[in-house]
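Engineer: Following is a predicted model, sequence given first.
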Amino acid sequence: MQFELFYFFLFILAFLYASVGHGGASGYLALMAIYGIAPQEMKPTALVLNLFVSLTSFIQYYRGHYFKRNLFLMVAITSVPMAFIGGMITLEDHLYKRLLGLLLLFPVFRFFFFRSPAEDELKPYNSYGALAIGGIVGLLSGMIGIGGGIILSPFLILLKWTDQKQTAAISAAFIFVNSLSGLGGMLTKGVSFNAHMWGYIAVAFLGGLLGAYLGSKKLKQDALKYVLATVLFVAAYKLLFTSA
């Protein structure tokens, strides 16, 4: 493995994901899959990275007063137990990579085609809808080894429950609790962490810290979204059409 290049891509992914309020597990998983790391190591390693990056991102967006606590609680109350259940499910390698590739298309479509609602376009959330979305996203998140922000965010934007930065704040918190829950489910069956995990954590944390700070305060997110969407589209293509 060309570790220098791997760490460079890892830093960039953490930076881009954190800048838009995500933990980055889907990107880390795609990167590890492309570099040939075994899925049984990929999932827990990605979730640990998620914990550090999503928490960093959440703190920055929370300080900016973008967090909608009640909506977060509605989606999290069902997602957390379902993520735990999903974490206990093991998929075959071929199916796992294909499903991951499909899920990567969610943020691609969101970043390219969904615009942030204006303040006067926002609507009250539907409690039952939020509970159902949370449960479905939680189960998929646990199965794949992601926090679920890439799936939740398009729903929040499309339903006009949140604007772009509110979505980022809720997604970051959602990713953190689901990553904890999914990791807990995996621990019941035993996990295998990558030997270089502490190096991954250091690089991802630095990238996430910088991305979260600049994304919540300094940078216009549109350009970052398009860059991230392009990267994820390439990764999705590789997983869907070139993975063995």
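Structural biologist: Received it, and whenever you're ready, just let me know what you need.
Engineer: Just want the phi and psi numbers for Trp124.
Structural biologist: To be clear, residue 124 is Pro; Trp isn't right here. phi -60, psi 140 (degrees, to the nearest 10).
Engineer: Quick one: residues contacting it.
Structural biologist: Counting by CB atoms under 8 Å, 6 or more residues apart in numbering, Pro124 touches Trp161. Heads up, the C-betas are built off the backbone N, CA and C, glycines and all.
Engineer: Any figure for the gap between it and Phe67?
Structural biologist: For Pro124, the distance to Phe67 (CB to CB, to the nearest Å) stands at 17 Å.
Engineer: in the worst-scoring helix or strand of the chain on mean pLDDT, what's buried?
Structural biologist: Every helix and strand in the chain was compared by mean pLDDT, DSSP states H and E; the lowest is helix 221-237, with a mean of 77. Using 16 or more other CB atoms under 10 Å as the test for burial, helix 221-237 gives 221, 224-225, 228-229, 231-233, 235-236.
Engineer: Centre of the chain to it, how far?
Structural biologist: 13 Å (CA atoms, centre = their mean, to the nearest Å).
Engineer: can you list contacts of it?
Structural biologist: Looking at what lies outside helix 221-237 - CB under 8 Å, 6+ apart - the contacts are 12-13, 16-17, 19-20, 26-27, 30-31, 34, 101-102, 104-105, 107-108, 110-112, 164, 215.
Engineer: redo that, cut-off 7 Å
Structural biologist: With CB atoms under 7 Å, 6 or more residues apart in numbering as the test, helix 221-237 has contacts from 16-17, 19-20, 27, 30, 34, 101, 104-105, 107-108, 111-112, 164, 215.
Engineer: May I ask which of the residues you listed has the most neighbours?
Structural biologist: Of all these, Tyr17 has the most neighbours under the rule other CB atoms under 10 Å, reaching 37 neighbours.
Engineer: ok, how many other residues are close to Gly148?
Structural biologist: When neighbours are defined as other CB under 10 Å, Gly148 has 37 of them.
Engineer: what about the strands in the chain?
Structural biologist: When assigned using DSSP state E, the chain turns out to have no strands.
Engineer: Show me the helices in it, by range?
Structural biologist: For the chain, the helices defined by DSSP state H cover 3-19, 25-34, 39-63, 69-87, 93-113, 127-144, 149-158, 164-187, 197-217, 221-237.
Engineer: worst average pLDDT in those?
Structural biologist: For these, the weakest mean pLDDT is recorded on helix 221-237, namely a mean of 77.
Engineer: Take that one, keep the C-alpha atoms, and write them as PDB.
Structural biologist: Extracted C-alpha coordinates of helix 221-237, given in PDB (Å, rounded to 0.1, in the frame of the first residue of the first chain):
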ATOM      1  CA  GLN A 221     -19.900  25.300   1.100                       C
ATOM      2  CA  ASP A 222     -21.100  25.100  -2.600                       C
ATOM      3  CA  ALA A 223     -17.600  24.600  -4.000                       C
ATOM      4  CA  LEU A 224     -16.700  22.100  -1.300                       C
ATOM      5  CA  LYS A 225     -19.900  20.100  -2.000                       C
ATOM      6  CA  TYR A 226     -19.200  19.800  -5.700                       C
ATOM      7  CA  VAL A 227     -15.600  18.600  -5.000                       C
ATOM      8  CA  LEU A 228     -16.800  16.100  -2.500                       C
ATOM      9  CA  ALA A 229     -19.600  14.900  -4.800                       C
ATOM     10  CA  THR A 230     -17.200  14.400  -7.600                       C
ATOM     11  CA  VAL A 231     -14.800  12.400  -5.400                       C
ATOM     12  CA  LEU A 232     -17.700  10.200  -4.100                       C
ATOM     13  CA  PHE A 233     -19.000   9.600  -7.600                       C
ATOM     14  CA  VAL A 234     -15.600   8.200  -8.700                       C
ATOM     15  CA  ALA A 235     -15.500   6.000  -5.600                       C
ATOM     16  CA  ALA A 236     -19.000   4.800  -6.200                       C
ATOM     17  CA  TYR A 237     -18.200   3.900  -9.800                       C
END
